[in-house]
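1. turn this into a structure:
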Amino acid sequence: MKRLSLITLVLLGAGFQGFAQQKNPKKNAASVSPAANPNAVNRPAAPNGPKPYAEVITAKAKTDKGLFKVHTIEDRYFFEIPDSLLDREILIVNRISKAAAGNRSQMMGYGGDQIGDNVISFQKGPANKLFLKSISFGERSQDTTAQGLYKSVMNSNVQPLVASFDIKAFAKDSVSGAKGVVIDVTDYMNGDNEIFFFDPSVKKALNLTGMMNDRSYIKEIKAYPMNIEIRTLKTYAKSAPQMPGGMGGAPSASPATYELNSSMVLLPSSQMKARYFDPRVGYFATGFVDFDSNPQGVKNLSLITRWRLEPKAEDIEKYKRGELVEPKKQIVYYIDPATPKKWVPYLIQGVNDWQAAFEKAGFKNAIVAKEAPSDPAWSLEDARHNVIVYKPSDIPNASGPHVHDPRTGEILETHVNWYHNVMLILRNWYLIQAAAVDPAARKMTFDDKLMGELIRFVSSHEIGHTLGLRHNFGSSATVPVEKLRDKQWVEKNGHTPSIMDYARFNYVAQPEDNISSKGIFPRIGDYDLWAIEWGYKWTPEFKGPQEELASSNKNIISKISGSKRLIFGTESDPNDPRNQNEDLGDNAMLASAYGIKNLKRILPNLLTWSKEPNEGYQNAKTLYGELVGQYGRYMGHVAKNIGGIYSTPKTVEESGASFVAVPYVTQKEAMTFLNAQLFTSPTWLINKELIERTGINAVDVFQGIQKSTLSRFLNANTIGKLINAEVMSGAKAYTAEHLFADLKSGIWSELYSNKNIDVYRRNLQKAYIDNLSKLMVAPSSAAPGGFPGMRSSDPTSSDVSSISRAHMASLAKDVRLAIPAATGLSKYHLQDLLVRINNALNPKS
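-> A predicted model of the protein is given here:
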């Protein structure tokens, strides 16, 4: 759930201020309603209007003091909101405290999961009403001058009033004298709404429908100094999950009951100075449409999300001199008490490892992890606490979301999701990628120290996300492949410059390299240090983000030009082969060749290494699947080079092109690799003993990888990019004709050698014809995902279909000529292919 947020500015649509004024100014003060006359605190009220405070908040009330007072009278709950908090922005963060049994949607539906967030404010209205306003920050202007757009933007962005409460009484604090209003929130909190409970998209994902009022209630509302915590129990009817093709959706007999926690957090009155997003440094961002930046239009701007780190007043001069100082407020993470004790030190160390990065930004002891206190009043749902939440889940994953102020990008709190079964995927990754070089990985149950170190690196990665950092998939591509085998170099520098990469482990290292875990494990690297320095460096010399823009740009250019290890590569680029997950090194072909060498060493040992007493062969089957999957990743890394485009974000102050096609020689090398390692049947993956013990279908072992890899470049998008590259680079380009020629020589070699065509190649050639056939017809009106009106790339509107048809006709001729010399299944296969080809070329016949 992402919200757009604001730099410093104005609340849009903060109207309604005149509603509480007297309609007739000639009336005397005695006739003014209490809503307009706060001094009338104990004045007798009209029927159904506000009552004297003591009649509403009686002696039976149990009062909890904090951000504002919360009163409980039997089963009714009252908010006493001081006037000072009216029109103040309050962030609502909604989470599952206790999850419904068995109701999950992939990674959603567990205790601790965030299910919604909103920004609201309370606002007085007419007729003794208090309104609840939902606030968006998607469009902004701060120019309040006569020619500015502030007023126009305000008039076009009146924020919705999502709830209305009768003011039950007016209050006056006996100590401070502060005035306020009392409202009854019982019915609103007992009901169902997207402000305090499930976001509609989450509710849909969990197949929740109507709330069952007779099985839902408020459990507790507690006040803290800067937040209010609302705990409710909600029971929902369920619909059956949607099935492919639109089936499903019927009511489910079993309801789903959740305990939910809603945190009301007061947003800072003194807003953090924002920092503009820059695509050359990977931060999460919050965006908005700005009406001030462009004098002749609007501009889409984004602010990075980060914690507020500032030096203490007494340390400002020290900071300016370059001395390390402690921040005003330390970033503290607590470890969920439910976490198994033996893993706690490793999770803590994964957090504390970031201290060195913050020192680059000028702060010492800026970040720390601690065990949660034993105080029963302490709650992991309390929005003041950042928690690594342990989830007893079979999901093999972890995630690091955070909650930020939508006005400035200031991160306010985070709950890292640590799923128990993440250890399963860590074991599998490490065994398959590192067992060839690390004997400690050659068993099903790792020693606690090894598993702890694996946990530590994942902890550091997820904490990086909570600090605002995105994945840096381009980091590993800055490392020369041969350096990954250089023991001294890789143990000093690591196999990737960023913990935020998906580089996992050094699968390039060979046994003879004798590389220790220091050169195998990921760790916080050069890029991470630089990214934190750029995002968190305190810059008091600049008034705001616009003023520091030129300095920031100059700094980034200087840093990146000085070291390519500081380059950021986005995780969302489908075209750049440098930006891939799970890959290593600056040459996918060379790195993958080394990886395959290690897989060939591991495969014959899987039965031995997976053996456990009194168990069957499920372990072996699982690891066999993991090994084949790792091989498939190598093929994907190589395939992305075909039709690839290097994308390098630049400002006008930098020289060189931002978009460059992958060179001919690299694409040629990629096709040569795929023909040798994939399209020539990789029968080394067919381990007879493993297959006989596990029941895996031998024909299926790598067939899916062949098909999926083939589809990556036999599609209209990739061939279209090759055509465009030929237009731009001419004879220097790797063209669509080059691609088809290389595929023909690799996948169809039996047509010219008259050799027997084995079952793997027969299936591959059938898949080839099926893919090629799709390149000669227009796609259906619905895209593969089934979204009406969305059309995929149409090959018939470009040269894609022309080139494909010519290639298909050439294949038809060669297949026809090869049939007389073929025998057995090879002959039947070629005859079948010829029919398929003719049907594709002449569909009407």
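2. can you map out the strands along the stretch 351-500 of the chain?
-> For the stretch 351-500 of the chain, the strands defined by DSSP state E, counting those that start in this stretch occupy 367-371, 386-391, 398-399, 402-404, 411-419.
3. Provide the strand pairings for the strand or helix carrying residue 261, with the direction of each partner.
-> Assigned by DSSP states H and E, residue 261 falls within strand 251-266. According to DSSP bridges, strand 251-266 forms sheet pairs with strand 90-98 (antiparallel), strand 227-239 (antiparallel).
4. dihedrals phi and psi, residue 517?
-> phi -60, psi -30 (degrees, to the nearest 10).
5. make sure residue 619 is indeed in a helix.
-> Yes - residue state for residue 619 (DSSP: H, G, I helix; E, B strand; the rest coil) corresponds to a helix.
6. circling back to that earlier point, lowest mean pLDDT across the strands paired with strand 251-266, which one is that?
-> Looking at the strands paired with strand 251-266, the lowest mean pLDDT belongs to strand 90-98 (a mean of 89).
7. could you give the angle of that strand to strand 411-419?
-> With axes from the mean of the first three to the mean of the last three CA atoms, to 10 degrees defining the directions, strand 90-98 sits at 20 degrees from strand 411-419.
8. for the helix or strand following strand 90-98, packing partners?
-> Helices and strands here follow DSSP H and E; after strand 90-98, the next one along the chain is strand 114-125. Secondary-structure packing of strand 114-125 (3 or more CB pairs under 8 Å, 6 or more residues apart in numbering; DSSP states H and E): strand 90-98, strand 129-135, strand 161-172. Every C-beta, even on glycine, is put in place using the N, C-alpha and C of the backbone.
9. what packs against the second one?
-> Put plainly, it is strand 129-135. Under the contact definition 3+ CB pairs under 8 Å, 6+ apart, strand 129-135 sits against strand 114-125, strand 161-172.
10. strands paired with the first one, and their directions?
-> Sheet partners assigned to strand 114-125 using DSSP bridges are listed as strand 90-98 (antiparallel), strand 129-135 (antiparallel).
11. do you know which of the ones you listed lies nearest residue 752?
-> strand 90-98 (62.3 Å; CB to CB).
12. can I see the domain layout of this protein?
-> Here the domain parsing of the chain from automatic domain parsing is 29-266, 610-782+790-845.
13. dump those domains into JSON lines; add distance to residue 548 and mean neighbour count as well.
-> Formatted as JSON lines, the domains of the chain follow (distance: least, CB to CB, whole Å; neighbours: other CB atoms under 10 Å):
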{"stretch": "domain 29-266", "distance to residue 548": "17", "mean neighbour count": "17"}
{"stretch": "domain 610-782+790-845", "distance to residue 548": "14", "mean neighbour count": "17"}
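14. one step back: closest one to residue 53 among the helices and strands packed on strand 114-125?
-> Nearest of the helices and strands packed on strand 114-125 to residue 53, taken as CB to CB: strand 161-172 at 4.6 Å.
15. for the closest one, packing partners?
-> Applying 3+ CB pairs under 8 Å, 6+ apart, we find strand 161-172 packed against helix 53-56, strand 76-82, strand 114-125, strand 129-135, strand 179-184.
16. if we go to 10 Å?
-> Judged by 3 or more CB pairs under 10 Å, 6 or more residues apart in numbering; DSSP states H and E, the packing partners of strand 161-172 are helix 53-56, strand 76-82, strand 114-125, strand 129-135, strand 179-184, helix 186-190.
17. wouldn't residue 444 be in contact with residue 623 here?
-> Yes - using CB atoms under 10 Å, residue 444 is in contact with residue 623, at 8.6 Å.
18. sorry, back to before: could the strands paired with strand 114-125 be laid out in a markdown table, adding distance to residue 183?
-> Output for these, formatted as a markdown table (distance: least, CB to CB, whole Å):
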| stretch | distance to residue 183 |
| --- | --- |
| strand 90-98 | 14 |
| strand 129-135 | 5 |
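19. re earlier: list the residues that contact both of residue 444 and residue 623?
-> Taking CB atoms under 10 Å, 6 or more residues apart in numbering as the contact rule, the neighbours common to residue 444 and residue 623 are 427-428, 431, 609-610.
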